[in-house]
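[1] Could you work out the structure for the sequence below:
(chains A, B, C and D)
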2 protein chains.
Amino acid sequence: MRPAKRTTSRDVAKLAHVSRTTVSFILNNVSGVSISAETRKRVLDAAKKLNYSPNVAGKKLVSGKSYTIGLVLCQSPEQIFTDAFLPQVILGVEQAAMQQGFHVLLKPVDPNDTGGYARLITENHVDGILLSGPRQDDTALMHLHEQRVPILLMGQLPDTSIPFVDVNATAGAELAVTHLIERGHQRIGMITNAPLSYTSAKQRRDGYLHALKKAKLLIDKALILEGNYTPASGFEAMKSLLLLTPRPTAVFVASDVVAMGAMLAIKQAKLRIPKDIAVVGFDDIPLAEYYDPPLTTIHLPAFGLGWAGGERLIRIIQGEGLNDTSLLLESKLITRHSSP
Amino acid sequence: MRPAKRTTSRDVAKLAHVSRTTVSFILNNVSGVSISAETRKRVLDAAKKLNYSPNVAGKKLVSGKSYTIGLVLCQSPEQIFTDAFLPQVILGVEQAAMQQGFHVLLKPVDPNDTGGYARLITENHVDGILLSGPRQDDTALMHLHEQRVPILLMGQLPDTSIPFVDVNATAGAELAVTHLIERGHQRIGMITNAPLSYTSAKQRRDGYLHALKKAKLLIDKALILEGNYTPASGFEAMKSLLLLTPRPTAVFVASDVVAMGAMLAIKQAKLRIPKDIAVVGFDDIPLAEYYDPPLTTIHLPAFGLGWAGGERLIRIIQGEGLNDTSLLLESKLITRHSSP
DNA sequence: CTGAATTAGTAACACGTGTTAGTTAAAACG
DNA sequence: CGTTTTAACTAACACGTGTTACTAATTCAG
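    Coordinates of the predicted model:
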């Protein structure tokens, strides 16, 4: 037994004793055609009675639009696993899309096999792509952009004209490090959130460098270590930092998740936070407030980022054009007890 | 200037000097028709040269299938925000779907305004629905099921015949509490992960009760408090527990995130974990290992849950039928330092 | 009263695909 | 040689929708 047959606009037309055209006019509120009030009511009643809703496949075919955006995640699986930041972004995207009557198709992509998402466009599955975590070596991306496919990046890509939204991570990192400097720290370590081939990692590192330069502190490359999204990487990096002499008196860890690993290393070394070593994180994940000690960190507008991304992509899709092609959202410092 | 015109199967046909039908036969590897090797090559070359990929809207229209599944999340926004469990599930679903050539449409739904997702089906946007966090008062769900719409629940719903996948949370909770009992604890508190109107919360509570009964320990309702996904709720609940006399010597917190709040409350009361109070969590979020102390918890096969859900839903969609309508995945105890 | 304008609605096409029923030419058979 | 089978393809329809061009009936202007 197959599923019950779908009701089509033809069924509605038949029940209301009008043509299918008339049904279409009424249900889509087409302007410029005149329909008598009586007929309109008859059609609307029929539609309601049959519980009619139009088949998107038909709509799609004739309009060329799918009213769906593709949210492509170029993060590695392990990042997605540990990233407490992502759900909020996704929720923001969804909310913006829903408001405009769009749907969201989720497409995690292995960063190594990038470009597999192009088929979403060529097959007309989605009207545009919201790309989180763009990579520079992504040639498929450039190709799509040249073909004027609506694309919006979440995260920046140097040397391109593709519009993007991003958080001002550099400024955020600078905020974090400046905070430490103002509290008297001079020897400040850093653990990145990811390998420096990721723009997001580079930006945060640059913010760190900026802050030091501004304060005329000397920069010691030995103080900068790489994390890779995981607490484990923070744990290991911190152990290395603790072996340095003189020991840094503070650390800026460019990811809360990584910072939690780092803090565990500090505790296991029987050092106190912030007395022996101050720690500032980045992301303000929900748990940051409830760590011991509560983590000073940089709050990112995660939901807002997703929302802005979705909203702007849809505007591009609808050909409305953006008055400013790109948007940088500001972050803010949340002072808790892991820093003095 | 509008986007470049899509290339259709007609273009391929023209270039290869054959009919559109032939193109369709070749590209879909239709069996039972004979095509000369030469023609086949000509068509395949033409398709490649034009970079042709079929428009899903057309396919959809004629086949009635969309090769897309809807992943409907009935969690409240705050739960999604704090739930570190979700990304892994989503990834599992995506992976299973991709393997079968399906896409995943993400649809968070406000639990209060349930049923809005029915349109995904009636509009033919998706072929089936994977529903995470089903609610008993969801009448739209029952209605869809009666209409033989392919549905699979992630989480159980009593008194229905809708197939589901779930983790055996009751057994998991029992594991956790039994572990505490074996280590000599007799007065064990519990903080739920969510209000008891959620099945997942009730299951975990039942596991707790089971374990106590089995060990012939008496049950004290005052020892059971409610959390609501957030660390904050765990913090508050724990503060209440600490005021009881005699104080419980151990706590089972049915969510790692909530447990982190609870542990902070313990520390602020200057009590030691696990010496004064042992703590066991639930979920095994990535951060559990790196808390201080590392959290003993129940590991849930999050990725496996998503994967099984996606895989089984697609099997239902394709009419293959499941040999067992439902699946319970087992969880396991991860012993770390927050318990003796 | 006549031609023009308005009202209310419809027939017919287009979108891109899969598929059934047929057609033509060559090969096989008796 | 005449008939049947087979290989290699194609014309035409169906899917459900939006939209343009058109018609028939009524109202309006002069």
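
[2] Could you use CA atoms for every contact and neighbour count after this?
    Fine.

[3] Report the buried residues of the helix or strand bottoming out on mean pLDDT in chain A.
    Least confident helix or strand of chain A, by mean pLDDT, DSSP states H and E, is helix A:77-82 with a mean of 72. Across helix A:77-82, burial judged by 16 or more other CA atoms under 10 Å in any protein chain shown covers A:77, A:79, A:80, A:81, A:82.

[4] Stretch A:145-162 too?
    Those would be A:145, A:149, A:150, A:151, A:152, A:153, A:154, A:155, A:156, A:157, A:162, for stretch A:145-162 by 16+ other CA under 10 Å.

[5] quick revisit: what's the most distant pair in the buried residues of helix A:77-82?
    A:77 and A:82 (8.8 Å; CA to CA).

[6] buried stuff in stretch A:91-103?
    Applying 16+ other CA under 10 Å to stretch A:91-103 flags A:91, A:92, A:93, A:94, A:95, A:96, A:97, A:98, A:102, A:103 as buried.

[7] So which of those residues sit within helices?
    Of those, the ones assigned to helices by DSSP state H are A:91, A:92, A:93, A:94, A:95, A:96, A:97, A:98.

[8] farthest residue from the center of chain A?
    Ranking residues of chain A by C-alpha distance from their mean position (CA atoms, centre = their mean) puts residue A:17 at the top, at 49.6 Å.

[9] any idea whether residue A:71 is helix, strand or coil?
    At residue A:71 the chain is in strand, as set by DSSP: H, G, I helix; E, B strand; the rest coil.

[10] How confident was the prediction at the closest residue to residue A:339 other than its chain neighbours?
    Spatial nearest neighbour of residue A:339, excluding adjacent residues (CA to CA, 6 or more residues apart in numbering or on different chains): residue A:278 at 4.7 Å. Listed pLDDT for residue A:278 reads 97.

[11] burial measure for residue A:278, as a count.
    24 (other CA atoms under 10 Å in any protein chain shown).

[12] do the same with residue A:262
    28.

[13] Could you verify my assumption that it touches residue A:230?
    No: using CA atoms under 8 Å, residue A:262 makes no contact with residue A:230, being 10.2 Å away.

[14] all strands for the stretch 1-150 of chain A, in order.
    Here the stretch 1-150 of chain A has its strands, by DSSP state E, counting those that start in this stretch, at A:68-73, A:103-108, A:128-132.

[15] Quick check, pLDDT for residue A:114.
    69.

[16] likewise residue A:224?
    You'll see residue A:224 listed with a pLDDT of 97.

[17] Which residue, other than its chain neighbours, is closest to it?
    Nearest-residue entry for residue A:224: residue A:190, 4.8 Å, with adjacent residues in sequence omitted and distances by CA to CA, 6+ apart.

[18] Specify the local secondary structure of the one you found.
    strand.

[19] Identify the residues contacting residue A:191.
    Going by CA atoms under 8 Å, 6 or more residues apart in numbering or on different chains, residue A:191 touches A:224, A:225, A:226, A:227, A:234, A:237, A:238, A:251, A:252, A:253, A:254.

[20] DNA strand C: which of the residues you listed is nearest?
    residue A:227 (45.2 Å; CA to the nearest atom of the strand).

[21] Can you read off the pLDDT for that closest one?
    95.

[22] That one reaches residue A:197, doesn't it?
    No: using CA under 8 Å, residue A:227 is not in contact with residue A:197, being 11.9 Å away.

[23] Give me the more crowded residue out of those two.
    Neighbours per residue, other CA under 10 Å: of residue A:227 and residue A:197, the larger number sits with residue A:227, 28 against 10.

[24] mind checking the SS state of the more buried one?
    coil.

[25] if I pick it, what's in contact with it?
    With CA under 8 Å, 6+ apart, residue A:227 has these contacts: A:191, A:192, A:193, A:194, A:195, A:233, A:234, A:237, A:258.

[26] Now do the same for the second one: its pLDDT.
    Read that as residue A:192. We have a pLDDT of 97 for residue A:192.

[27] give me the number of residues near it?
    Residue A:192 - counted by other CA under 10 Å - has 28 other residues nearby.

[28] go on, the fifth one?
    Here the count is done by other CA under 10 Å, and residue A:195 has 15 residues near it.

[29] measure it to residue B:290 for me?
    For residue A:195, the distance to residue B:290 equals 21 Å [CA to CA, to the nearest Å].

[30] same deal with residue A:198?
    25 Å.

[31] Equivalent analysis for residue A:331, please.
    Taken as CA to CA, the span from residue A:331 to residue B:290 is 26 Å.

[32] Among the buried residues of stretch A:145-162, which ones are in helices?
    Per DSSP H, these map to helices at residue A:145.

[33] any chance of the buried residues of stretch A:145-162 in a markdown table, with pLDDT and distance to DNA strand C too?
    Below are the buried residues of stretch A:145-162 laid out as a markdown table (pLDDT from 0 to 100; distance: CA to the nearest atom of the strand, whole Å):
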| residue | pLDDT | distance to DNA strand C |
| --- | --- | --- |
| A:145 | 91 | 20 |
| A:149 | 92 | 16 |
| A:150 | 94 | 18 |
| A:151 | 95 | 21 |
| A:152 | 96 | 24 |
| A:153 | 95 | 27 |
| A:154 | 93 | 30 |
| A:155 | 89 | 33 |
| A:156 | 86 | 33 |
| A:157 | 85 | 32 |
| A:162 | 92 | 26 |
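
[34] and the buried residues of stretch A:145-162 as CSV, adding distance to residue A:169?
    CSV is the format used below for the buried residues of stretch A:145-162 (distance: CA to CA, whole Å):
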residue, distance to residue A:169
A:145, 25
A:149, 27
A:150, 25
A:151, 21
A:152, 18
A:153, 15
A:154, 12
A:155, 10
A:156, 11
A:157, 14
A:162, 19
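
[35] out of the buried residues of stretch A:145-162, who's near chain B?
    Counting by CA under 8 Å from any CA of the partner chain, residue A:149 from these sit close to chain B.

[36] List just the nearest of the buried residues of stretch A:145-162 to chain B.
    Chain B lies nearest to residue A:149 out of those, by CA to the nearest CA, at 7.0 Å.

[37] That closest one reaches residue A:128, doesn't it?
    Yes: at 6.6 Å, residue A:149 and residue A:128 qualify as touching, with contact defined as CA under 8 Å.

[38] joint contacts of the two?
    By CA under 8 Å, 6+ apart, the residues touching both residue A:149 and residue A:128 are residue A:121.

[39] Can you give me the distance of residue A:51 to residue B:293?
    Distance from residue A:51 to residue B:293, by CA to CA: 57 Å.

[40] Tell me which of the two has more neighbours.
    Per other CA under 10 Å, whichever of residue A:51 and residue B:293 has more neighbours is residue B:293, with 21 against 13.

[41] Contact residues of chain A facing DNA strand C?
    A:17-22, A:33-36, A:39-40, A:58, A:61-62 (CA under 7 Å from any atom of the strand).

[42] Neighbours of residue A:72, how many?
    Neighbours around residue A:72, by other CA under 10 Å: 21.

[43] again but with residue A:90, I slipped
    23.

[44] I'd like to know how far it sits from residue A:82.
    Noted for residue A:90: a distance of 15 Å to residue A:82, by CA to CA.

[45] Repeat that for residue A:40.
    54 Å.

[46] shaky segments in chain A?
    Counting by pLDDT under 70, chain A shows low-confidence ranges at A:1-4, A:114-115.

[47] sorry, back to before: reformat the strands of the stretch 1-150 of chain A as CSV; add distance to residue A:179.
    What follows is the strands of the stretch 1-150 of chain A, written out as CSV (distance: least, CA to CA, whole Å):
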stretch, distance to residue A:179
strand A:68-73, 32
strand A:103-108, 36
strand A:128-132, 29
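
[48] Determine which of the ones you listed approaches residue A:212 most closely.
    strand A:128-132 (29.6 Å).

[49] Minimum distance to DNA strand D, which residue of the stretch 151-300 of chain A gives it?
    residue A:151 (23.9 Å).
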